Every structure is written in C-alpha cells, then in structure tokens.
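Undergrad: Got a predicted structure here, sequence first:
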Amino acid sequence: MNQTAALLLQYNPWLRDPHRQAELIAARLPSPLIAREPMPELRTDRVLLVIGPRQAGKSTLLLELARRQTRPVVVVSCEEPAIRARCRSAGELLLWLAAEVIDIPALLILEEIQHVDDAGLLLKGLADSHSGHSVAATGSASYQLRARTRESLAGRADRVLLLPLSHAELAHEARSLPLAARHVACREIWMRQLRYGGYPAAWLSNNPEAELARLAEAFVLRDASDLYQVEHLDAFRTLMRLAALDTGQIVNLASWASEAGIARDTASRYLDLLEESHLVRRVRPFLGGKRAELKSATKVYYLDNGLRNALFGGFGAVADRADGGALAESWVFAEIAKCTGLLDSVRFWRTRGGAEVDFVVDRPTGERFGIEVKLGALNEPRLSRGARAFIEAYRPTRFLLVNDGLSQVVDVDGVPVHFCRPWDLPHLLGS
C-alpha cells in the first residue's frame, strides 16, 4: 500500500473494520445532531452536489447520509494535496481506489471539490463511468466551482443548496408537544433565530456571539482573501457591514462604494462574491406592467440573521431594537429560500406612490402569492394599503401576512389572505 492510500485510510478507519462503519462514522457527527429535512437521495448515474456557505453543515449532511449506508463509504478530502493529485481524472481515481483501497461499489464522498482543477470533468467522468459507485461532493458556491462544474455536469448532477438550519428543522422535536406548549416552543425558537440565525455551530454553542464573530471573520480571511483573492479586505469588510446595515432597503451601490473607498464596479464585484457564497441575496422588483412601479431598484438580504447581526446590530433582545422589523423580514426571506428553493423567483413590489409588498413569489406551476411581514402581533385581520393595492392589481392565488399572533384566513375580493404566525409559514409555503 502506498503512502497516499494509507493517508486515505486515516480518513476512513471503517474501511479496516467494515462491521463498525456506522459506529465510526457516527463518532464524527456532532452531538447533539439536528437532522436536516429532507435528506437527499443517492443515485449511481448522477452526482449529488451539495453546495452552500461555510459551516452550514454540508459535510455533516453527507456523513449522516453515509451512516445509513450498508455499502462501503469512502471520504476523499480534496483539500489534501496528495489525495487531490489522484483526482486528475475519473479513470485515474477509480483505478487507484480499486487497486489500493476498495474494489467493490461504494459511496464516494468528495469533500471541498472546488480545490480540484477540473472538478466538473472529474464529476462528469464519475457519473458516466458505470462503476456502480454513488458519488456525492461538497463545495463552496465559488466562481471557481461554478465555472468548473456547471456546463460539464448538465443532466448529470442533483444540486442541493444547503443553507443554515430552518425553523422547521430546529422545531422538529416540538411537533410532539401539546398545542399550547408547541406554540410557546416554536415562538422561542423563532425569537432566537431573529438574533442568532441558524448556523449549527452557533445554534448549539453556549456562546453564539463568539461563534458568529469567528464565522464572519472566516469569510473575510479565508474566502475573500484566499479563495477570491480580494485586494481590499478592509473595503470588503465595510461592504459586508453596509449590506447588514441596509438589509431590506433599496441599495445605493454608489454610496456603498464611496463609503468603502472603492470604485462602484469593485463594490458590485464584491457584492457578487457575497451572493455567490450564499451569504446575501439580491432581490429585484416585481414588474407586472404597471407604469407606477419601481423597475430598477434592488434590495439585499442576508440569508442568516446571526451573521448579519455579527456584522451590524449586535445581539440585543428583539423587542429593544429599532431594526426588529428588518430582522423579521430577513428571516422570512431566508425561510422562503430554505423551504421552497425559489430564490430566483422572489421579488418585492413597490410603486412610486409608496405602496409596497415585501415579497412576491412566482412558482413554476404558475401560482403567484404575495407576502407581507409584521414583527408584532395583529389584533384584527387588517391589510396595509400596499397589500390591498397588490391584490386588486394582480389577483394573486393567495396572500400571506406573517405576524406574531393572529392566525386565520379571510377572503379579500376573492383572494384568500392567510394571517399566519412565523412557524406556520413552512406549511403554507409547501402547500
């Protein structure tokens, strides 16, 4: 056995003791483990590609999937230079594994695939090899990974975007509680998510503030500096902070660039990097053809409130914060992303006269619905001027008004309007 094979076996001790595979893989899983929903499926003719932000739980997801396997599992760390050298092509990797490691069909997990120069060709070759192996890979959503995988993996990959934990995942155990207790537990989880978000390490930590501060700095020092080779790290930090400050507001990129001391084009490129890393997302206006609508404005939302608060706003109690409404709005946007995957179909609606709806979602089925977000509890089913104007103009399939208390459905000009609590949103988004 050569040294590289011996190194791989260090990563996969269960290959020496197959009867203990599930036990040894389980030992690498965090405790407690918060299950992700739903678990992805594996196929032998397609690659499972799990992308998402740093520390969202990509490796944990695949290890949990591996723990359930009865066939052998081989974890290949593409960050390790000696192992990465065996990944120059699918044929070379498969021949080496068969000769030195394992010669029967297995689950191959390639971690941090973006470190492989020809990642797309490697994964394409594995998908087309008819080797009997199932292949899964993790990676950041960097420009490098996108450029190296997107074209060559057309029709050969199932992509899973893994974001920080959703409310439904965090409230899984609360489902078995009596109704009143479930309501209290779900509200507590929601309020904590408004402050600390859903990154697993922060959620499970006794000091989430410190975890989130380290995570924010890791994005700057490792991703921006090493991966993206950003020239002006201080300006990049400033842009992250400005995006946090202006969450849910119309973006003035020229103003951001001026405050950061960089050109507008550079600020735009930095915002592209933040979006490509799944830290933030641009939301553009819904254009329904009305002359009075804003047509060129853009908003930016962080996909995790904890990271946003680490950059601006702090972790104070939501009731004492001036930005509580922005946190609730940002939380709803992230839940839409986690529950539906319809990020590219989410817009906001605003007229020049000031009528506004927070989110408009178009499903591939043709369904359209609007969402308005209120931080506090409503005492009666009352709609804003913007909601009524949107319903009158576009007759959506339904309209959701998220608030902290009222839960009922009313008919407004033939359109069902759901007044719902935040923790009821996943069910309504899925229906």
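TA: Great, that's in hand. Numbering: from 1, shown residues only.
Undergrad: tally of neighbours for residue 276?
TA: A count of neighbours around residue 276, defined by other C-beta atoms under 10 Å, yields 18. In short, each C-beta sits where N, CA and C put it, glycine included.
Undergrad: what do you get for residue 382?
TA: Taking other C-beta under 10 Å as the criterion, the count of residues near residue 382 is 12.
Undergrad: just residue 68 next, same as before
TA: A count of neighbours around residue 68, defined by other C-beta under 10 Å, yields 12.
Undergrad: dump the residue contacts of it.
TA: When contacts are counted by C-beta atoms under 8 Å, 6 or more residues apart in numbering, residue 68 is found next to residue 22.
Undergrad: again with residue 101
TA: Shown here is residue 101, whose contacts under the criterion C-beta under 8 Å, 6+ apart are 5, 8, 9, 15, 74.
Undergrad: can you pull the contacts of residue 410?
TA: 381, 416, 417, 419.
Undergrad: any idea how far the nearest residue in space to residue 345 that is not next to it in sequence is from residue 82?
TA: Sequence neighbours aside, residue 362 is the residue nearest to residue 345 in space, at 4.8 Å (criterion: C-beta to C-beta, 6 or more residues apart in numbering). According to C-beta to C-beta, to the nearest Å, residue 362 stands 48 Å off from residue 82.
Undergrad: ditto for residue 258
TA: Relative to residue 82, residue 258 is positioned 47 Å away (C-beta to C-beta).
Undergrad: ok, now residue 232?
TA: Between residue 232 and residue 82 the distance, using C-beta to C-beta, works out to 35 Å.
Undergrad: same deal with residue 104?
TA: Separation of residue 104 from residue 82 (C-beta to C-beta) stands at 24 Å.
Undergrad: For the two, indicate the residue with more neighbours.
TA: residue 82 (14 against 9).
Undergrad: So what's the residue count around the residue nearest to residue 191 when sequence neighbours are not counted?
TA: Leaving aside its sequence neighbours, residue 191 sits nearest to residue 318 (C-beta to C-beta, 6+ apart; 6.1 Å). Other residues within reach of residue 318 by the criterion other C-beta under 10 Å amount to 18.
Undergrad: so residue 318 sits right up against residue 195, yeah?
TA: Yes: shown here, residue 318 and residue 195 form a contact pair, counting by C-beta atoms under 8 Å, at 6.5 Å.
Undergrad: intersection of neighbour lists for these two?
TA: Shared between the contact lists of residue 318 and residue 195 (criterion: C-beta under 8 Å, 6+ apart) are residues residue 327.
Undergrad: any idea which residue sits dead centre in this structure?
TA: residue 163 (2.2 Å; C-alpha atoms, centre = their mean).
Undergrad: That one and residue 337 touch, don't they?
TA: Yes: here residue 163 lies in contact with residue 337, judged by C-beta under 8 Å, at a distance of 6.0 Å.
Undergrad: if we can go back for a sec, any idea how far the residue nearest to residue 345 is from residue 342?
TA: Using C-beta to C-beta, residue 362 is found at 8 Å from residue 342.
Undergrad: Next, count neighbours for the residue nearest to residue 342 when sequence neighbours are not counted.
TA: Using C-beta to C-beta, 6+ apart and skipping residues adjacent in sequence, the residue nearest residue 342 is residue 361, 5.9 Å away. Each residue near residue 361 was counted by other C-beta under 10 Å, and the total is 20.
Undergrad: how about the strands of the stretch 201-350 of the chain, start to end?
TA: Secondary structure of the stretch 201-350 of the chain, counting by DSSP state E, counting those that start in this stretch: strands at 280-285, 299-302, 346-350.
Undergrad: want to throw those strands into TSV with distance to residue 134, mean pLDDT and mean neighbour count?
TA: Below are the strands of the stretch 201-350 of the chain laid out as TSV (distance: least, C-beta to C-beta, whole Å; pLDDT from 0 to 100; neighbours: other C-beta atoms under 10 Å):
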stretch	distance to residue 134	mean pLDDT	mean neighbour count
strand 280-285	31	94	18
strand 299-302	34	96	25
strand 346-350	33	94	21
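Undergrad: and residue 156, which of those strands is closest to it?
TA: Nearest to residue 156 among the strands of the stretch 201-350 of the chain is strand 280-285 (26.5 Å), distances taken as C-beta to C-beta.
Undergrad: Restrict that closest one to CA atoms and write it as PDB.
TA: Only the C-alpha atoms of strand 280-285 are listed here, as PDB (Å, rounded to 0.1, in the frame of the first residue of the first chain):
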ATOM      1  CA  VAL A 280     -26.600  37.600   0.800                       C
ATOM      2  CA  ARG A 281     -29.100  37.600  -2.000                       C
ATOM      3  CA  ARG A 282     -30.200  40.500  -4.200                       C
ATOM      4  CA  VAL A 283     -34.000  40.800  -4.600                       C
ATOM      5  CA  ARG A 284     -35.200  42.700  -7.600                       C
ATOM      6  CA  PRO A 285     -38.600  44.400  -8.200                       C
END
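Undergrad: where does the chain have low pLDDT?
TA: Using pLDDT under 70 as the threshold, the predicted model of the chain has low-confidence ranges 1, 141-152, 227, 291, 431.
Undergrad: State the distance from residue 296 to residue 333.
TA: With the distance defined as C-beta to C-beta, residue 296 ends up 20 Å from residue 333.
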